[in-house]
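A.B. asks: Next come a sequence and a model predicted from it.
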Amino acid sequence: MGILKDKDRNKVQNLFKQIDNDVTILMFTQETECQRCEMTRKMLEEISGLSDRISLEVHDFVAEGDLAKKHGVDKIPATVLLGDKDYGIRFYGVPAGYEFNVLIQDIRDVGKRNPGLSEAVTAELAKIDEPIHLQVIISPT
């Protein structure tokens, strides 16, 4: 039995039909998985199985430290979404609850190569000429 309920699995599968391009999910855990790492891995295994366009790579944060560093991962569980490039999308912790919807939409957007932003917003973002670090911190309370 999977983590997703049948009706949710069907909804996600239908959303993923909109994906035109491959998406790679990198998940960083460790050899002896913590409870949250295991839960995240199982969720991502199930999600990645819902579309041929989505692949999952599970990596050991300690043994593959160089890869984690390359992707800016400094804690686990960590989820990195990649398309034709690295869009800088990271999830730390279990992407459950409200964050689950964000994860699914982000996977879809990476697969479409379109974040759904207007041309005006895209033009303004193109003016940014130096690296920025933006974090969204979410609490269930």
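C.D. replies: Ah, there it is. Fair warning: this is a prediction, and the values are worked out from it, not measured in the lab.

A.B. asks: partners of the spatially most central residue of the chain in the sheet?
C.D. replies: The centroid of the chain falls nearest to Leu81 when counting by CA atoms, centre = their mean (4.2 Å). Leu81 has the following beta-bridge partners by DSSP bridges: Ile25, Ile89.

A.B. asks: For it, give its distance to Gln35.
C.D. replies: Separation of Leu81 from Gln35 (CB to CB, to the nearest Å): 23 Å. C-beta here means a position set from N, CA and C on the backbone, and glycine is covered the same way.

A.B. asks: surely the residue nearest to the centre of the chain meets Asp106?
C.D. replies: Yes: using CB atoms under 8 Å, Leu81 is in contact with Asp106, at 5.8 Å.

A.B. asks: Give the residues shared as contacts by the two.
C.D. replies: Residues touching both Leu81 and Asp106 (CB atoms under 8 Å, 6 or more residues apart in numbering): Ile89.

A.B. asks: what about the helices in this protein?
C.D. replies: 6-16, 35-48, 65-70, 98-112, 119-126 (DSSP state H).

A.B. asks: Next, count neighbours for Phe16.
C.D. replies: 20 (other CB atoms under 10 Å).

A.B. asks: I'd say it and Gly111 touch.
C.D. replies: Yes: using CB under 8 Å, Phe16 makes contact with Gly111 at a distance of 7.4 Å.

A.B. asks: any idea what sits nearest Val110, other than its immediate chain neighbours?
C.D. replies: Among residues not flanking Val110 along the chain, Gly83 sits closest, at 4.3 Å (CB to CB, 6 or more residues apart in numbering).

A.B. asks: Quick check: the gap between the one you found and Ile138.
C.D. replies: 23 Å.
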